[in-house]
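Trainee: Predicted structure and sequence below. I'll ask about it afterward.
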Amino acid sequence: MSAPIPRRKRRRSAPLMFLAPFGVLFAAMYAVPVGYAIVESLHKVQRSGLGLTPPKRVYAGFENYTKALHDDALWHGVGRVLLFGAVQVPVMLGLALVLALLLDAKSARLKGFFRTAYFLPYAIPGVIATILWAFLYMPRSSPVVSMLDAVGLPSDFLGEDAVLWSIANVVTWTWTGYNMLVIYSALQAIPQELYEAAELDGCGPWRTAWRIKVPLVAPAIALTTVFSVIGTLQLYTEPRVLRPLTSSLDADYTPIMSAYHKAVENNDYGQGAAVSVLLALGTCLLSFAVLKLSARLTNGRSSL
Amino acid sequence: MIGGQDSLHCLRPRAGLRRALPISRRDGHLMWGSNRASRSSLRAASRSSRRGRQTARHAAVAVTIAALTALTACGSDSDSDKTDKAAQGDKAPGGQGGGTAQLDFWGWNPAYEKAVTAFNAAHPDIHVNYNKVEPGSKGGYAKMLAAVKANNAPCLAQMGYETLPSFLVEGALQDVDKEAAAVKSKYSAGAWSQMSVAGKTYGIPVDTGPVAMFYRTDVFAKNGLTPPKTWDEFAQQADKVHTADPAVAYSAFGGNDPWWYAGMAWQNGGSWFKPEGDTWKVSLTEPGTQKVTQYWQQLLDKKVVSSDPTFTPDWYKRFGDGSVASYVGPVWFTALLEENAKDAAGKWAVAPMPQWDATGKTTGNIGGSGTAVLKGCKNTKAAVTFADWMSSDTASLTTLVKDAGIYPAATSGASLDAMQQPSAYFGNAKIYDIFKESAAQAPAGWQWGPTMTQVSADLTDRVGKAGAGNGKLADALTGVQGTTIKAIQDKGLKAAAG
């Protein structure tokens, strides 16, 4: 007969037991792969001559990182997604905020329908969404292009200058509804008393929206901003799917495409891992900066 | 190489006689177009799609799974008892000692399965287990390389010719010079050389992609033309057709498809790569390629040929509506054309590839694959026996030709019944007669390099841009020459311009 487990000990092990399923999955699916990527980024494969003798994997120190930092194409990709984010994120979040405010307005009708309609694009996988849009972008198949042609507005959605914004359009279309829903939920949580008080003080709907609603949902906007910034830096699906359709999208058009290109297409996993680690660090820093900045803005505004 | 998704195109879809072979078109690219066969095979194989974040996630999961698999030392995807048998078989060479030699074989061609079944029935001493993996450039190659690293690779693997040197420099191939020497004479010299690097043979060729010229009979008749015998004539006809109707492009420049560009250069007998001593000599600007580059630049400048990205829905649309009047392409394009330009049935015909000089008799090759023997195979004799049987046995070839539409690398393939049949889509012409001739005329010296996925991606980017009017082809080729030498050197290998 086993001795009964002392009560205190049992109490201490219980949380661990409950954490175990998460812990195991987290370790196996997250921590281990991340660790593996970091280890891989510090190694390279050594070959010689024609490569007829078997290659050896050797420790490379920070060589992969140095190479990545000197890779012009990678920096161009980073610049491209930053430009993309600087334009697309404000446009998308502005739209999301306006839609959320409209849905939340007293005079709004058919709220359920519109909420679903705005959100629906998010339910469509990115690849499918991009393929759908691709058919509207392709010069010979697109009804939009032929209509614009007919009214004397020749357009090339997949051209060198336009393609980044064509991608931005797909991303905005997909994600606006999602962000709207986050902001809308925050709006729902605002106590009615505030509106009553505002009304008594003589606030119209515009002023209520601007002075009460927007400041109170600022934390939600900050959250969606951080998510969007992260998503921007990880831009991949849309350009990847459009790539075969146009000569404007290079193999290393965005940083993630570059990491993929290096790791899988060039079979240089060390280099690909180094780019991924750098990108993860950059994303961390940028998200942190955005959080800090928005925290400051939020505090400032709510103290008004 | 080894591409993942998009990449090495490795195996181009060679489609063939009757049905499209479901293969991934280009490395790294999403399969566009309405090729039903391709789609379904992709679905089945599910390699494709390169979907971004999801892909990254899948890749991470795949890595984890691969790691776990390696840890537990269980076999790849075959169930473990099969693997055990395979391991035992590997130790019992050639069925000696009463055992049956067990061989694992990974590939994505669905028709191989039938060939394997027939082989097993006819060979009691060797048993081949065929495992379907995703097409090479969609993950199949990555999986094979991972398996070699983990010491549980199959003996045999389906492999696009362009990918073979890449596998070699990853240390993933086993040479079979001794075992294969006896069967060499069954194959066309050009195809055989594709399974060799620096004088060593690493497998048996299965199929090739002989090139011919596809043309619209209605457009040609309207302009009073017959198919051009030479490239000069081709250029003159291009002017004529385009002048008569500016909406019609005489032909399609396939430059964003690197294998097409290579196929055009191939005709001139040179090669982009040459192993010399311990150095990879790289020459994307060799004289034969320069000839091709200058020639197509002229046509592009005059805008008499289309430069739309190839294998896209837009591109196929032109083949259906007659706004492109010809295409110089490989044998497997027949099936793609049939699938994607159904309305144009009876309007397309096939003629020999134009020649650089009127008396010339050389052609190019686009695509093709073989059965490679991977590192760690303990029974190379049985492996070669099977690979040779699948590539040269009449029953096997008939299956592969009928079901997968391959063009056999074995010289006996030309006399197969299936190769004598008229094609309904091409006005009941016996188009394979032209491809047979073309297959025999492709020069044998072409050698691929050790970083073809990189070469492919760079060519797609740069030649694609130049084709679209953004820069010159010659600069694009010079640029890729530079990036390729650097990429090979980055791998720790020796490379030089040559």
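Mentor: Received the coordinates, thanks. Everything numeric in this text was worked out from a predicted model, so none of it was measured.

Trainee: ok, the closest residue to A:S107 other than its chain neighbours - how many residues close by?
Mentor: Leaving aside its sequence neighbours, A:S107 sits nearest to A:P205 (Cβ to Cβ, 6 or more residues apart in numbering or on different chains; 7.9 Å). (C-beta placed from N, C-alpha, C; glycine too.) Using other Cβ atoms under 10 Å in any protein chain shown, A:P205 has 14 other residues around it.

Trainee: Surely A:P205 touches A:K106?
Mentor: Yes: using Cβ atoms under 8 Å, A:P205 is in contact with A:K106, at 7.2 Å.

Trainee: Now the residue nearest to A:S107, what are its backbone angles?
Mentor: Main-chain dihedrals, A:P205, degrees, to the nearest 10: phi -60, psi -40.

Trainee: Kindly report the same for B:K281.
Mentor: phi -90, psi 130.

Trainee: List the contacts of it.
Mentor: B:273-275, B:495-498 (Cβ atoms under 8 Å, 6 or more residues apart in numbering or on different chains).

Trainee: And the residues you listed, which two are furthest apart?
Mentor: B:P275 and B:A497 (14.5 Å; Cβ to Cβ).

Trainee: what about the two, which has more around it?
Mentor: Between B:P275 and B:A497, counted using other Cβ under 10 Å, B:P275 has the larger neighbour count: 21 against 12.

Trainee: what residues does the helix or strand containing the more buried one touch?
Mentor: For B:P275, the element it lies in under DSSP states H and E is strand B:273-276. Identification of contacts with strand B:273-276 by Cβ under 8 Å, 6+ apart yields A:50, B:165, B:197-198, B:280-283, B:447-450, B:498.

Trainee: So which of the residues you listed are in strands?
Mentor: B:197, B:280-282 (DSSP state E).

Trainee: Contact partners for the residue nearest to B:Q194 when sequence neighbours are not counted?
Mentor: Excluding the flanking residues, the one nearest B:Q194 by Cβ to Cβ, 6+ apart is B:Y161, at 4.0 Å. By Cβ under 8 Å, 6+ apart, B:Y161 lies in contact with B:194-195, B:205, B:367-370, B:448.

Trainee: now do A:L132
Mentor: A:L132 neighbours (Cβ under 8 Å, 6+ apart): A:I124.

Trainee: Please report how far it lies from A:V170.
Mentor: 9 Å (Cβ to Cβ, to the nearest Å).

Trainee: how long is stretch A:154-167 from one end to the other?
Mentor: This stretch, stretch A:154-167, spans 19 Å end to end (Cα to Cα, to the nearest Å).

Trainee: That one: which residues count as buried?
Mentor: A:155-159, A:162-164, A:166-167 (16 or more other Cβ atoms under 10 Å in any protein chain shown).

Trainee: Kindly state the pLDDT recorded for the most centrally placed residue in chain A?
Mentor: Closest residue to the average C-alpha location of chain A: A:G231 at 1.1 Å, with Cα atoms, centre = their mean. Note for A:G231: predicted pLDDT of 92.

Trainee: Torsion angles phi and psi at it?
Mentor: Here is the backbone geometry of A:G231 (degrees, to the nearest 10): phi -60, psi -40.

Trainee: How many residues are close by the spatially closest residue to it that is not a sequence neighbour?
Mentor: Closest residue to A:G231 apart from its sequence neighbours, by Cβ to Cβ, 6+ apart: A:W175 at 7.2 Å. By the measure other Cβ under 10 Å, the count of residues near A:W175 is 23.

Trainee: Show me where the stretch 1-150 of chain A has its strands.
Mentor: A:43-46, A:56-59 (DSSP state E, counting those that start in this stretch).

Trainee: Contacts (any at all) between chain B and the first one?
Mentor: Yes: applying Cβ under 8 Å from any Cβ of the partner chain, one finds strand A:43-46 in contact with chain B at A:44-46.

Trainee: With stretch A:146-164 instead?
Mentor: Yes: using Cβ under 8 Å from any Cβ, stretch A:146-164 comes into contact with chain B via A:E160.

Trainee: so how far does that stretch reach from one end to the other?
Mentor: End residues of stretch A:146-164 are separated by 21 Å (Cα to Cα).

Trainee: Is the residue lying closest to A:K67 once chain neighbours are set aside in a helix, a strand, or coil?
Mentor: Nearest non-adjacent residue to A:K67, counting by Cβ to Cβ, 6+ apart: A:Q271, 6.4 Å away. With DSSP: H, G, I helix; E, B strand; the rest coil as the basis, A:Q271 sits in helix.

Trainee: tally of neighbours for A:Q271?
Mentor: Neighbour number of A:Q271 under other Cβ under 10 Å is 26.

Trainee: One more: A:P219?
Mentor: 14.

Trainee: quick one: contacts for it?
Mentor: By Cβ under 8 Å, 6+ apart, the neighbours of A:P219 are A:186, A:298.

Trainee: still on that earlier bit, which residues touch the residue nearest to A:K67?
Mentor: Counted by Cβ under 8 Å, 6+ apart, A:Q271 has contacts A:44, A:64, A:67-68, A:262-263, B:490.

Trainee: Distance-wise, check it relative to A:Y65.
Mentor: 10 Å.

Trainee: And for A:V39?
Mentor: For A:V39, the distance to A:Y65 - Cβ to Cβ - is 13 Å.

Trainee: Tell me which of these two has more neighbours.
Mentor: Between A:V39 and A:Y65, counting by other Cβ under 10 Å, A:Y65 is the more crowded of the two (19 against 12).

Trainee: I figured that one was touching A:L278, is that so?
Mentor: Yes: using Cβ under 8 Å, A:Y65 is in contact with A:L278, at 6.7 Å.

Trainee: What residues does the stretch 51-200 of chain A have near chain B?
Mentor: Contact residues (Cβ under 8 Å from any Cβ) of the stretch 51-200 of chain A with chain B: A:51-55, A:67, A:125-127, A:135, A:138-141, A:160.

Trainee: From A:G231, how far off is A:L216?
Mentor: In terms of Cβ to Cβ, A:L216 sits 25 Å off from A:G231.

Trainee: got it, and A:L136?
Mentor: 22 Å.

Trainee: And B:A497, by the same measure?
Mentor: According to Cβ to Cβ, B:A497 and A:G231 sit 43 Å apart.

Trainee: again with B:K114
Mentor: B:K114 is 46 Å from A:G231, by Cβ to Cβ.

Trainee: Show me the residues of the stretch 51-200 of chain A next to chain B that map onto helices.
Mentor: Of these, the ones assigned to helices by DSSP state H are A:67, A:126-127, A:135.

Trainee: Report the contact partners of B:K472.
Mentor: Contacts of B:K472 by Cβ under 8 Å, 6+ apart are B:297, B:466.

Trainee: my guess is A:S48 meets B:G492, correct?
Mentor: Yes: look at A:S48 against B:G492 with Cβ under 8 Å: they come within range, at 6.4 Å.

Trainee: With neighbour numbers in mind, choose between those two.
Mentor: B:G492 (17 against 13).

Trainee: Relative to B:G136, how far out is that one?
Mentor: 24 Å.

Trainee: Then A:S166?
Mentor: Taking Cβ to Cβ, one finds A:S166 at 31 Å from B:G136.
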